[in-house]
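Asks: What follows is a predicted structure for the sequence shown.
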Amino acid sequence: GENVEQHPSTLSVQEGDSAVIKCTYSDSASNYFPWYKQELGKGPQLIIDIRSNVGEKKDQRIAVTLNKTAKHFSLHITETQPEDSAVYFCAARAFGNEKLTFGTGTRLTIIP
Amino acid sequence: ETGVTQSPTHLIKTRGQQVTLRCSSQSGHNTVSWYQQALGQGPQFIFQYYREEENGRGNFPPRFSGLQFPNYSSELNVNALELDDSALYLCASSFRPRGNTGELFFGEGSRLTVL
């Protein structure tokens, strides 16, 4: 089955700097890659996603890149703000498969 | 538009008991998925319900079962609770036309503690 690895497990950046979180996946059939943000005591919130027919997608300060050949995808957050502090999860899913496989999460801390 | 709502938010059970968790899907969504999130881990897929039938199941034993109702709401039932069942149980809804499941939107979760 699919296996998703996520790095780093913790990340601290100064406010205003950029943060990058990387994930690799094992199943070449995976074609959908969402990113979720989870704040303390809350459920995961979808922040951006990308499908395998696209190499990059951007939404304001957040961008995701996908390298299908290397089977890895990354989340980029620019101009970080204190409210970006949370746990971020990457995930992958293959077409026709109902299961979303999550990474182990990255705890991002923005230092004021 | 209402989001995904789950109840109860917190509950405590003892080993061997049974528990039922409830979920109301987001307006316009017809598919419900359940995930288990242990402390410090990513969510793990339990199963999905579409058209009131189980449609895909993760690596969970049969004592984890569910239902989906005609209004697309859902229940997760866990029998013979074990200590390792302590976790945050997340419900996610999505809209599934033909083919693949769309984006998943999660509720706030039900935190289950088994003593």
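Replies: Nice, thanks for sending it over.
Asks: Who does the most centrally placed residue in chain B form a beta bridge with?
Replies: Closest residue to the average C-alpha location of chain B: residue B:34 at 2.9 Å, with CA atoms, centre = their mean. For residue B:34, the beta-bridge partners are residue B:47, residue B:91 (DSSP bridges).
Asks: ok, it touching residue B:46?
Replies: Yes: in terms of CB atoms under 8 Å, residue B:34 counts as a neighbour of residue B:46; the distance is 4.3 Å. For the C-beta atoms, the positions are set from N, CA and C on the backbone; glycine is no exception.
Asks: Overlap of the contact sets of the two?
Replies: Here residue B:34 and residue B:46 have B:66, B:76 as joint contacts, going by CB atoms under 8 Å, 6 or more residues apart in numbering or on different chains.
Asks: contacting residues for residue B:20?
Replies: Residues counted as contacts of residue B:20 (CB under 8 Å, 6+ apart) are B:75, B:76, B:77.
Asks: Close to chain A: what parts of chain B are there?
Replies: Residues of chain B found near chain A (CB under 8 Å from any CB of the partner chain) are B:4, B:33, B:35, B:40-45, B:48, B:50, B:55-56, B:58, B:90, B:99-101, B:103-109.
Asks: Now intersect those with the strands, please.
Replies: Counting by DSSP state E, those place B:33, B:35, B:44, B:45, B:48, B:50, B:55, B:56, B:90, B:105, B:106 in strands.
Asks: Enumerate the residues of chain A near chain B.
Replies: When proximity is defined as CB under 8 Å from any CB, chain A approaches chain B at A:4, A:6, A:32, A:34, A:36, A:41-46, A:49, A:89, A:91, A:93, A:95-105.
Asks: among those, which ones are buried?
Replies: Buried subset of these (neighbour count, 16 or more other CB atoms under 10 Å in any protein chain shown): A:4, A:6, A:32, A:34, A:36, A:43-44, A:49, A:89, A:91, A:93, A:97-105.
Asks: Neighbouring strands - and their directions - for the helix or strand of chain B with the lowest mean pLDDT?
Replies: Least confident helix or strand, chain B: strand B:53-57 with a mean of 91, by mean pLDDT, DSSP states H and E. Strand B:53-57 has these partner strands in its sheet, going by DSSP bridges: strand B:44-50 (antiparallel).
Asks: Show the average pLDDT along the strand it pairs with.
Replies: For strand B:44-50, mean pLDDT is 94.
Asks: Could you export that strand as PDB, CA atoms only?
Replies: Listed next in PDB are the C-alpha coordinates belonging to strand B:44-50 (Å, rounded to 0.1, in the frame of the first residue of the first chain):
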ATOM      1  CA  GLN B  44      -5.400   6.700   9.700                       C
ATOM      2  CA  PHE B  45      -8.200   5.700   7.400                       C
ATOM      3  CA  ILE B  46     -10.900   3.500   9.000                       C
ATOM      4  CA  PHE B  47     -13.600   3.300   6.300                       C
ATOM      5  CA  GLN B  48     -15.800   5.300   3.900                       C
ATOM      6  CA  TYR B  49     -19.500   5.300   3.300                       C
ATOM      7  CA  TYR B  50     -21.200   6.100   0.100                       C
END
